[in-house]
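Engineer: curious how this folds, go ahead:
(chains A and B)
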Amino acid sequence: MIVVLQFMAFILALVSTVFLIVATWTDCWMVNADDDLEVSQKCRGLWWECVTNTQDGIRTCDQYDTILAEHPLKIVLTRALMITADILASFALIILVLGLDVIKLLREEPHIKLRICYFAGFIFGLGGIPGMIGSVWYAVDVYVERATLVLKNVYLGMHYEFGWSCWLAMAGSTGCFLASIVLTCCLYIFRDARSSQYNRSIYKYGRTAAGKKYAMDSRV
Amino acid sequence: MANSGFQLLGYFLALGGWIGIISTTALPQWKQSSYAGDAIITAVGLYEGLWMSCASQSTGQVQCKVFDSMLSLDVHIQTCRALMVVSVLMGFIAIIVSVVGMKCTKVGDNNPLTKSRIAVSGGVLFLLAGLCTLVSVSWYATQVSHQFFNPNTPVNARYEFGSALFVGWAAASLTMLGGSFLCCSCPTEERRGQQYYRQSQPSTAREPNVKSSPTDKGEQYL
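Structural biologist: Below you'll find the model as predicted:
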C-alpha cells in the first residue's frame, strides 16, 4: 500500500514539476479574445509576446525590451514566484527520489526514509504556494483588466483572456499540493502497515545474519 | 565489475544526455546564416531547424515559420527528424528499463544476474539512442558544410553550424558515455551465480550440513 502511495505521489510530483517548468518558459499566459476577424493569435508570456498569423503560420515574437515599460510589478513578481516554485519543486523531487521505498538507500532505517518523504512533501507544499500565488494573481489581473475594459464600454483594442501556460501553472501548483498531501497525510495514516513490515524485515535480517555467521564458521 | 555508484553515475550522465537530445530536437538553430565574406546585411540573422525557420531582427523581434509541407522537404531533414524522434523514444525506454535493472533499486527480480542483464540492456538502448543522435547531427553538419563550400551557393545565402548541432554532439556523447558505464555492469556468470546461491540459501537448510561436514562446505565457499 505504502509503495503504491509513494509511487503515485512520485508520478504526480514529476508531472507537476514538468508542468511548472514548462509554464514558466512558454509564452502563452494570456491570449487575445473577442477577435472576430480571426486573423491572428496574440500570446503574451512572462518573457515574450508572440503573434501568430493564422493564414501563413508566421510567428513573430518580441522580447520585452524593458520590463519597466508595462505591467512592471506583475510580470517581474510572477517571474520571481514561478522560478522559486520551479526550484523548490525540483529540489523536492530529488529528495523524494532518495526517500522512495524502492531505492536501496538507508535500508535498515525505514523511519528515516519515511521522514525524508515527509520532508519532500513539506517542500512540495512550500513550492506549490508561490506557483499558486503567481498563476492565480496573473489570472486575476488579466480578468480585472478585461472586466474594466468591458465596464468602460471599450471594445476597441485588445481584450485578453487566460492562455494555456497560465492553466498549466495552476495545474502544476495544484499537483504539487496534492503530492504534498499524499506524502505527508496519507503516508502518516498508513505508516502502521509499514512498521509491521519493518519488524518482519528485522526478523529476516536476523536470520540471514545467523546464516552468515554459520557460513563464516564453516569457512574456518 | 561495476559497483552501484558507477551504475548510478552512468545513469545520471545518460539522463542529462537525454534531456540534451530533447532540446536539440526542439531547437531551431541547426544552421544559421554566416557572415563570412562580404555579407553586409547584419540586421537580420536567419536560422533554421528541423521544424521551422526563423529570422531574428536586430530590434529583438524573432519571426518563425513552421515548414509548410512535410513531404516536399529535403530528404536529409526528414531523416534527421525521424532519427531524433527515434532516439528520444529509445532514451525514454532506456530510462525506465535501467531503473528496473540498477542495483540501487528494489524493483523487479531479486536475482542479481537478471537485474544486471536488464541494466545492460538499458545501457545498450542508451548507446543506440546516442548513436542515432550522433548520426543525425553529423549528417546534417555534413550537408551544411557541403552547401557552404559549394561554389554555386551565393555568398550571402550561406549557412554555418548552429548551436543546436553542438548541443546535439554533446548530448550524444553524454548518452553514449552513460550507456557504456551501464554496460560495464555486465555480469561474469560464475561469480554472480555463486553469490546468488549464497544469499538465497536459507540458513536452516544449511545447518545440518555445516555440522556434519564443515570442510566440504568451507571448500565450496572458498
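
Engineer: tell me the mean pLDDT for stretch A:119-126?
Structural biologist: Stretch A:119-126 shows an average pLDDT of 90 in the prediction.

Engineer: pLDDT below threshold where in chain A?
Structural biologist: A:34-38, A:65-72, A:105-107, A:154-158, A:192-220 (pLDDT under 70).

Engineer: longest single helix anywhere in it?
Structural biologist: When every helix of chain A is counted residue by residue (DSSP state H), the longest turns out to be helix A:110-151.

Engineer: if I pick A:Asp86, what's in contact with it?
Structural biologist: Under the criterion of CB atoms under 8 Å, 6 or more residues apart in numbering or on different chains, the contact partners of A:Asp86 comprise A:17, A:20-21, A:24, A:127. C-beta here means a position set from N, CA and C on the backbone, and glycine is covered the same way.

Engineer: pipe the residues you listed into TSV and attach secondary structure per row.
Structural biologist: Putting the contacts of A:Asp86 into TSV (DSSP: H, G, I helix; E, B strand; the rest coil) gives the following:
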residue	secondary structure
A:Thr17	helix
A:Leu20	helix
A:Ile21	helix
A:Thr24	helix
A:Gly127	helix
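
Engineer: which of those are buried? Put it as a PyMOL command.
Structural biologist: Of the contacts of A:Asp86, the buried ones go into a single PyMOL selection, burial set by 16 or more other CB atoms under 10 Å in any protein chain shown:
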select buried, chain A and resi 17+20+21+24+127
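
Engineer: ok, so of the contacts of A:Asp86, who is nearest chain B?
Structural biologist: Sorting these by distance to chain B puts A:Ile21 at the head of the list, at 11.3 Å, by CB to the nearest CB.

Engineer: now that closest one. Nearest residue, chain neighbours left out?
Structural biologist: With CB to CB, 6 or more residues apart in numbering or on different chains as the criterion, A:Ile21 has its nearest non-adjacent residue at 5.3 Å, and that residue is A:Asp86.

Engineer: one more: A:Asp56?
Structural biologist: Leaving out its chain neighbours, the residue that sits closest to A:Asp56 by CB to CB, 6+ apart is B:Lys65, at 7.3 Å.

Engineer: how about A:Arg146?
Structural biologist: Of all residues not flanking A:Arg146 in the chain, A:His159 sits nearest, at 5.5 Å (CB to CB, 6+ apart).

Engineer: tell me which residues touch the one you found, please.
Structural biologist: Counting by CB under 8 Å, 6+ apart, A:His159 touches A:32-34, A:146, A:149-150.

Engineer: which of those sit farthest apart?
Structural biologist: Set against one another by CB to CB, those have their most distant pair in A:Asn32 and A:Val150, with a gap of 14.4 Å.

Engineer: more neighbours: which of these two?
Structural biologist: A:Asn32 (17 against 12; other CB atoms under 10 Å in any protein chain shown).

Engineer: secondary structure class for the more buried one?
Structural biologist: strand.

Engineer: that one and A:Arg146 touch, don't they?
Structural biologist: No: checked against CB atoms under 8 Å, the pair A:Asn32 and A:Arg146 is beyond contact range at 10.5 Å.

Engineer: what's the overlap in contacts for these two?
Structural biologist: Common neighbours of A:Asn32 and A:Arg146 (CB under 8 Å, 6+ apart) are A:159-161.

Engineer: before we move on, back to that, quick check: bridge partners of the residue nearest to A:Asp56?
Structural biologist: With DSSP bridges as the criterion, the beta-bridge partners of B:Lys65 are A:Ile58, B:Ser53.

Engineer: low-confidence ranges in chain B?
Structural biologist: Scanning chain B for pLDDT under 70 picks out the ranges B:1-2, B:36-42, B:108-109, B:186-222.

Engineer: strands along that one, start to end?
Structural biologist: Per DSSP state E, chain B has strands spanning B:31-33, B:44-48, B:52-57, B:61-66, B:159-161. These are given in chain order.

Engineer: got it, and chain A?
Structural biologist: Assignment of strands within chain A using DSSP E yields the ranges A:30-33, A:40-44, A:48-53, A:58-63, A:159-162.

Engineer: tell me which of the ones you listed sits nearest to B:Ala164.
Structural biologist: Distances from B:Ala164 to each of the strands of chain A were compared by CB to CB, and the smallest falls on strand A:58-63, at 17.7 Å.

Engineer: with adjacent residues omitted, what lies nearest to B:Thr24?
Structural biologist: B:Gly168 (4.0 Å).

Engineer: what angle do the longest helix of chain A and strand A:40-44 make?
Structural biologist: Using axes from the mean of the first three to the mean of the last three CA atoms, to 10 degrees, the interaxial angle of helix A:110-151 with respect to strand A:40-44 works out to 130 degrees.

Engineer: so how far is helix A:110-151 off the chain centroid?
Structural biologist: 8 Å (CA atoms, centre = their mean, to the nearest Å).

Engineer: now the strands of chain B as CSV including mean neighbour count?
Structural biologist: What follows is the strands of chain B, written out as CSV (neighbours: other CB atoms under 10 Å in any protein chain shown):
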stretch, mean neighbour count
strand B:31-33, 23
strand B:44-48, 17
strand B:52-57, 17
strand B:61-66, 17
strand B:159-161, 18
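
Engineer: so which of these comes closest to B:Gly16?
Structural biologist: Among these, if distance is taken as CB to CB, the winner is strand B:159-161, at 21.9 Å.
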